[in-house]
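Student: show me the folded form of this:
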Amino acid sequence: MKAIKSLALVAGLATMVSCNNQKADVKSLETELDSASYALGMDMAIKIKSNFSEAKTDMFLQGYRNGMDSTNMLMKEEEIGSFLRTFFQKQQLEKAENEALKKFGEVKVAGEQFLAENKGKDGVITTESGLQYMILKEGEGDVIDPTSKVKLHYHGTTIDGKVFDSTVDRNQPYETKANVFIPGFNEGLAMMKVGSKYKFFIPQELAYGAQQRGELIKPFSTLVFEVEILEILED
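Tutor: Take a look at the predicted model:
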């Protein structure tokens, strides 16, 4: 990320110059070193402004001075890289989500309306996370453990009934660990026994969120699955 690289380069300059004594702004560039130093400072500012316009200049300069002097540091040096990576990754995700909302906001609203209406239907149970499910058939076998390898059938559709994936239609059960799916699907499986058949109504935040997955699963899609546990397999 450009902003992280810019900040890292500033930190690397700590061995080249000293900021112990604050000086008034100069009016002209007298030497080649003056010009190089000034150009480097401007370059850093322009890059940071274009990538992270919300940066607080006073805090940036304080961090720079503290790093140069190795005094009064409010953050450990070994924490800096990890913190910046996490921070800018979060910023990028939020930006991507906001952009997706502009294009697919109606998909999110439609899902919320669907779940609000579905919540009151007979047999629909809502968990604390927001997952909704119906018990179509209760099995009598063992309860599924998240680490169990299971053989199952699933039939996945959008809220308007379009099929995006179905082992039932392919007549080919799926074998996998019970914790490798989207969060809402994983949560539902953990409530099931062998022989059970449930119907899941998965909110977008427990599905793929702002991601698009193929033609039918648009960003912020609420998903519907019918799931049947056939057996627990030996590892």
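
Student: for the chain, which residue is closest to the average position?
Tutor: Taking C-alpha atoms, centre = their mean, the centroid of the chain lies closest to residue 93, which sits 6.3 Å from it.

Student: residue contacts, it?
Tutor: Shown in contact with residue 93 (C-beta atoms under 8 Å, 6 or more residues apart in numbering): residue 210. Where C-beta positions appear, they are placed from N, C-alpha and C, glycine not excepted.

Student: checking my notes, it in a helix, right?
Tutor: Yes: using DSSP: H, G, I helix; E, B strand; the rest coil, the assignment for residue 93 is a helix.

Student: ok, now how distant is it from residue 86?
Tutor: In this structure, residue 93 and residue 86 are 11 Å apart, going by C-beta to C-beta, to the nearest Å.

Student: and for the residue nearest to residue 140 when sequence neighbours are not counted, the neighbour number?
Tutor: Excluding its sequence neighbours, the residue lying closest to residue 140 (C-beta to C-beta, 6 or more residues apart in numbering) is residue 195, at 5.7 Å. Residue 195 sits with 15 neighbouring residues when counted by other C-beta atoms under 10 Å.

Student: do I have it right that residue 195 meets residue 139?
Tutor: Yes: at 2.7 Å, residue 195 and residue 139 qualify as touching, with contact defined as C-beta atoms under 8 Å.

Student: what touches both of the two?
Tutor: Common contacts of residue 195 and residue 139 (C-beta under 8 Å, 6+ apart): residue 229.

Student: what about residue 49, which helix or strand?
Tutor: Taking DSSP states H and E as the criterion, residue 49 maps to helix 32-51.

Student: swap that for residue 185, sorry
Tutor: With DSSP H and E as the test, residue 185 turns up in helix 183-189.

Student: could you list the domains of the chain?
Tutor: Here the domain assignment for the chain is 2-74, 105-233, based on automatic domain parsing.

Student: between these, which has the poorest mean confidence score?
Tutor: The stretch with the lowest mean pLDDT among the domains of the chain is domain 2-74, at a mean of 73.

Student: do you have the helices of the protein handy? List them.
Tutor: Counting by DSSP state H, the chain has these helices, from start to end: 2-12, 32-51, 57-69, 77-118, 167-170, 183-189.

Student: how close does the residue of the chain most remote from its centre get to residue 166?
Tutor: Going by C-alpha atoms, centre = their mean, the residue of the chain most distant from its centre is residue 30, 49.6 Å out. As judged by C-beta to C-beta, residue 30 and residue 166 stand 74 Å apart.

Student: next one: residue 27
Tutor: Counting by C-beta to C-beta, the gap between residue 27 and residue 166 amounts to 73 Å.

Student: the more surrounded of those two?
Tutor: Regarding residue 27 and residue 166, a neighbour count based on other C-beta under 10 Å identifies residue 166 as having more, with 16 against 6.

Student: and that one, what does it touch?
Tutor: Residues in contact with residue 166 (C-beta under 8 Å, 6+ apart) are 154-156.
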